[in-house]
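*Asks:* Quick one, what's the 3D model for this:
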Amino acid sequence: MDRYDRATTARDKGPGHVPQAHRRQFLLAPREVEVAGHWRRQPFGASGILYSCPDLPISQAQDGEGTPWLLLGRAIESDPRRPDALASIARVPTSEVAELSRSWAGRWLLMSPSDVYPDASALLGCFYHSDREGGLWASSSPALIAQHAFAAPPAIADNRVLVYEQGISWFPPPLSRFAGLRRLLPSQRLARARGQPEPHRWMPAIQPSADEEALTAWLIETLRTVMTRLAAAAGEPPWLGLTAGFDSRLMLTIALDAGLEVRPYTRLTERMTVADRILPRLIAKQTGVRHWLMPETASRKAMKARRELLTRHAAGHVSDGDARPFLTGARDGMSGVTFGGHGFAIAGGFNDWRSFPERMPPPPEAAALLMRSMGEPLNSPAAAGLAEWFAWAEAHPQLHLDWRDRLFLEQRQAGWLASKEQLFDLTRLERFPILNAATVYARILGLPAAQRLGSRLQQCMIETLRPDLAKLPFNPSDRSFLARYPHLVLRRRYRRLLKRAARPLLHLANADTA
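*Replies:* All right, here's what the predicted structure looks like:
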């Protein structure tokens, strides 16, 4: 541990953690298959058998007309005036259940005998395939469908090796890495009888408003409600990843305002900024909370074994860089639930996408525009999935939903982040996306871009609740720490030089697979 870090390093005192492939996954099959012996088996619908890992929460309810529903994953009602998700289902007719779910935060799938509905940005992914007999297969895991639904291993449709922060580091939905295997979008529901996606208005009407104060008050109340209910459901203080940025500081601020006990932690990694090393400790000290550090502990031999496990679990849908917390064992000493502010980029802006034209170009041009902006070769196999998504967005628009914001939700969230979340299922720690509710996104997107971009909205909320925390810098440059921590700054510069030198080799590797 570096000498400037005074926080506690969290390690379990119990038995060592053993990661498991396909933890918290499910497989909906049209016929009997052989899966892990400890998995649950449950017929659901006229022609479907649901197999699921016991670590995946599954709840059952009947709506007001007696139709059965299954809730896979964890959903928390964000509206303080409503009861929990399952109790709400019992009060409405079948046709209103999907609309009811718009205010559910979390990572979940909602399934009836006829349809499957994803969460607000499809973070509990749903891959699906119709076989030659017309049987529908669906799973959160592309590896499980590839193993069970095809007579022979499926062909590779997108042969790229994903590289962390290089080009488009995900397989753009509604396609996947495999031919014949598709991925459900947030704006789609999966009709089980047809095995096809249909339009699903997953987001409530966006009401444009410049009232920043009203939005701030509503968001604070809503997120406070979700945090309070999450802590009660978890039964122990949830973990909170703390960095030098806006989002995690806002989450800590709201939790403290709600009087909740949380466990802030920071992962110690080679690529972290100096600010991420220094500021979380200062924030924790200023707020009087205990702060944990999570070092990377896995040996090279252990990382090699974990990389093989990663391949079995994620089937190439996650880059090694995005998988680093798992590969290095950084979260092995943690259990319970963790949450953070991921998803708030909808307010802060992502990359240079806001510089794109206000009106969406035709699908092929839009796909090329995105690939150029992210340094992806124009002949990349990623173009097929992007072009299909842009065509879908063009055919099924939503009033006041800017195509650039929708691009973030249905590609960066439902493509990149969803695969990363599925990777985290390998460990005991459960990640909960506290912001991921359609009503939350709709309210944020109602605020003009000029009033929310650049993390202005998050900063305004922090200033409202904890002005002292707002005075600490957000994501300051390494240079600002040069006088006090010169060894950290110089080490970072050295590593950046090494990364820059290796970058041409990475581009050559991807060019060979394109």
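
*Asks:* rest of the way, CA atoms for contacts and neighbours
*Replies:* OK.

*Asks:* Okay, now the unreliable bits of this protein?
*Replies:* Residues of the chain meeting the criterion pLDDT under 70: 1-17, 498-514.

*Asks:* Give me the domain ranges for it.
*Replies:* 1-476, 482-514 (automatic domain parsing).

*Asks:* Need the winner for burial among those domains.
*Replies:* Among the domains of the chain, ranked by average contacts under mean count of other C-alpha atoms under 10 Å, first place goes to domain 1-476 (a mean of 19).

*Asks:* where's that one relative to the chain centroid, distance-wise?
*Replies:* Domain 1-476 has its C-alpha centroid displaced from the chain centroid by 2 Å (C-alpha atoms, centre = their mean, to the nearest Å).

*Asks:* Quick check: Pro80 touching Thr225?
*Replies:* Yes: taking contacts as C-alpha atoms under 8 Å, Pro80 lies within contact range of Thr225: 6.0 Å.

*Asks:* Return the residues in contact with Ile168.
*Replies:* By C-alpha atoms under 8 Å, 6 or more residues apart in numbering, the contact list for Ile168 reads Leu162, Met371, Met374, Gly375, Glu376, Ala382.

*Asks:* hang on, I meant Trp416
*Replies:* By C-alpha under 8 Å, 6+ apart, the contact set of Trp416 is Ser169, Trp170, Phe171, Val318.

*Asks:* same thing but 7 Å
*Replies:* Going by C-alpha atoms under 7 Å, 6 or more residues apart in numbering, Trp416 touches Ser169, Trp170.

*Asks:* now swap in Leu426 and tell me
*Replies:* Contacts of Leu426 by C-alpha under 7 Å, 6+ apart are Pro19, Gln20, Ala21, His22, Arg23.

*Asks:* Show me which of those residues is closest to Ala233.
*Replies:* Arg23 (20.2 Å; C-alpha to C-alpha).

*Asks:* Show me the longest strand that occurs in the chain.
*Replies:* The strand that spans the most residues within the chain, counting by DSSP state E, is strand 68-77.

*Asks:* before we move on, the earlier item: and the contacts of Ile168, which of them are in helices?
*Replies:* The helices, defined by DSSP state H, take in Met371, Ala382 from the contacts of Ile168.

*Asks:* The contacts of Ile168: which two are farthest apart?
*Replies:* Comparing every pair within the contacts of Ile168 by C-alpha to C-alpha identifies Leu162 and Met371 as the most remote, at 14.3 Å.

*Asks:* sorry, back to before: among the contacts of Leu426, which are in strands?
*Replies:* Going by DSSP E, the strands hold none of the contacts of Leu426.

*Asks:* Could the C-alpha coordinates of the very next helix or strand once past the longest strand of the chain be exported in CSV?
*Replies:* Elements were assigned by DSSP states H and E; along the chain past strand 68-77, the next helix or strand is helix 85-89. Extracted in CSV, the C-alpha atoms of helix 85-89 (Å, rounded to 0.1, in the frame of the first residue of the first chain):
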residue,chain,number,x,y,z
ALA,A,85,-42.6,-3.6,-7.7
LEU,A,86,-44.4,-6.9,-7.0
ALA,A,87,-47.1,-5.3,-4.9
SER,A,88,-47.7,-2.8,-7.7
ILE,A,89,-48.2,-5.5,-10.3
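
*Asks:* which residues sit against helix 85-89?
*Replies:* Outside helix 85-89, the residues that touch it by C-alpha under 7 Å, 6+ apart are Ala61, Gln62, Asp63, Ala75, Ile76, Glu77, Val97.

*Asks:* With distance to Ala36 added, can I get those residues in JSON lines?
*Replies:* Below are the contacts of helix 85-89 laid out as JSON lines (distance: C-alpha to C-alpha, whole Å):
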{"residue": "Ala61", "distance to Ala36": "26"}
{"residue": "Gln62", "distance to Ala36": "29"}
{"residue": "Asp63", "distance to Ala36": "32"}
{"residue": "Ala75", "distance to Ala36": "26"}
{"residue": "Ile76", "distance to Ala36": "29"}
{"residue": "Glu77", "distance to Ala36": "32"}
{"residue": "Val97", "distance to Ala36": "32"}
